[in-house]
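**Q** Need a 3D model of the following:
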Amino acid sequence: MRSVIYTASKFSAAFLCSQSSRKSKSFISAAAFHLRKMVHYLTEQRGRPDSTDYRIYFKTSDGKYISPFHDIPLCVADEQILFNMVVEVPRWSNAKLEIATKEPLNPIKQDVKKGKLRYVANIFPHKGYIWNYGALPQTWEDPNHTDKETRCCGDNDPIDVCEISSKVCVPGQVIQVKVLGILALIDEGETDWKVIAINIEDPDASSLNSIEDVRKIKPGYLEATVDWLKKYKVPDGKPENKFAFNGQFKDKDFAIEVIKSTHSFWKALVMRKKMKGDEIVCQNTSLCDSPLKCSDAEASAVVQAAAEYGEPLAVSSEVDKWHFFAK
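**A** Down below sits the predicted model:
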């Protein structure tokens, strides 16, 4: 096995977090929360990278295994509106890594389609993913809820984040981000929100407080984001993706409302007593009110049953191919 340690400060509660903004009301009263000291998250790799059995499991600094989907709090204690982000894919890389929502403890794994590992194409001039890509824990885009704005149901995943700082992160890293805006991708008829955010440790973080600030300080980045999301499936023979709001970014306050909504859907999800075989796995180790809370021994058994860590497998040279499309 191979482990890596990450650090995150958090402001935690059983399910909800306290947030405030000029236009957004707090999630719930701050009296329901308590401030904890710096928390260290470990990741433990299992299986062989670039193989179908590769997994990245999460645990606390005292060795207790957790779900990055359910046990890492959404919110961070700070004067600003900050969130924990679980990094799935580093900028400039191609492997489509994601939280395995339908596996016990929800490790990060590489997506598989038709028996083959998925890699996103290099669409000139973009090399792999153009941001650090990941998800907000304790959020869920409900596939049974039709969004009043997009008129499409959710995509059954945690809400996605495109993190635009200059630092290249690593899979499984937990960082604190400031939300700047949001884009509504319509992926095969489903709402697939993309939160635009920046790591608070980035030198530009203090200057970036809105989607308009991104236009001024990082000109072209938002346009490149739309272009990438529109075309990234075209090399696989699929049509260009569509967007709600004519592909326009919504502001920070709109984004916060979407996050609040997906957080409430997640809360209802983890309170379900039974899950069907093809549904989201809500096994967790910290949510006392959840009927799906498991013991530390049960969580450890999940990881121990996974394949031992091994050397990475060779990646096909096709992953480095460039694809060109007319504007």
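
**Q** Regarding stretch 291-311, how distant is the last residue from the first?
**A** Terminal residues of stretch 291-311 are spaced 38 Å apart (C-alpha to C-alpha, to the nearest Å).

**Q** in that stretch, what's buried?
**A** L292, K293, C294, A299, S300, V302, V303, A306, Y309 (16 or more other C-beta atoms under 10 Å). (C-beta placed from N, C-alpha, C; glycine too.)

**Q** so how far is whatever helix or strand the fourth one lives in off the chain centroid?
**A** This points to A299. Per DSSP states H and E: A299 is located in helix 296-304. Relative to its chain's centre, helix 296-304 lies at 23 Å (C-alpha atoms, centre = their mean, to the nearest Å).

**Q** for stretch 240-255, same thing?
**A** With C-alpha atoms, centre = their mean, you get 18 Å for stretch 240-255.

**Q** how close does the residue most central in space within the chain get to P68?
**A** Centroid-nearest residue in the chain, with C-alpha atoms, centre = their mean: A135, separated by 1.0 Å. Distance from A135 to P68, counting by C-beta to C-beta, to the nearest Å: 8 Å.

**Q** which neighbours do these two share?
**A** V86, I99 (C-beta atoms under 8 Å, 6 or more residues apart in numbering).

**Q** quick one: the helices in the protein?
**A** For the chain, helices defined by DSSP state H occupy the ranges 211-217, 221-231, 252-270, 296-304.

**Q** now for the second one, which elements pack on it?
**A** So the one you mean is helix 221-231. For helix 221-231, the packing partners by 3 or more C-beta pairs under 8 Å, 6 or more residues apart in numbering; DSSP states H and E come out as strand 174-187, strand 190-199, helix 211-217, strand 242-243.

**Q** On the strand side of things, show who N84 bridges to.
**A** Here N84 sits in beta bridges with Q176, going by DSSP bridges.

**Q** per-residue pLDDT, it?
**A** Looking at N84, its pLDDT stands at 96.

**Q** Against C153, how distant is T262?
**A** 13 Å.

**Q** L74 now?
**A** L74 sits 22 Å away from C153, taking C-beta to C-beta as the criterion.

**Q** out of these two, which sits in the more crowded spot?
**A** When L74 and C153 are compared for neighbours, L74 comes out ahead with 27 against 16, by other C-beta atoms under 10 Å.

**Q** overlap in contacts of T262 and C153?
**A** D142.

**Q** what bits of this protein have low per-residue confidence?
**A** By pLDDT under 70, the low-scoring segments of the chain are 1-39, 77-80, 274-278, 327.

**Q** Please identify the most buried of the helices of the chain.
**A** helix 252-270 (a mean of 20; mean count of other C-beta atoms under 10 Å).

**Q** got the angle for it vs strand 174-187?
**A** Here the directions of helix 252-270 and strand 174-187 differ by 90 degrees (axes from the mean of the first three to the mean of the last three C-alpha atoms, to 10 degrees).

**Q** So which other helices or strands are in contact with helix 252-270?
**A** Against helix 252-270 (3+ C-beta pairs under 8 Å, 6+ apart) you get strand 174-187, strand 190-199.

**Q** Check which residues of the first one are buried.
**A** To tie it back to what came earlier, the one meant is strand 174-187. For strand 174-187, the neighbour count (16+ other C-beta under 10 Å) marks 174-186 as buried.

**Q** So what's the gap between that strand and the chain middle?
**A** 9 Å.

**Q** again, but for the shortest one
**A** Distance of strand 190-199 from its chain centroid, counting by C-alpha atoms, centre = their mean, is 9 Å.

**Q** What is it packed up against?
**A** strand 153-154, strand 160-163, strand 174-187, helix 221-231, helix 252-270.

**Q** For the stretch 1-150 of the chain, which segments count as strands?
**A** In the stretch 1-150 of the chain, the strands defined using DSSP state E, counting those that start in this stretch lie at 2-8, 11-12, 34-35, 39-46, 55-60, 65-66, 82-89, 97-99, 108-110, 112-113, 116-117, 122-123, 132-135.
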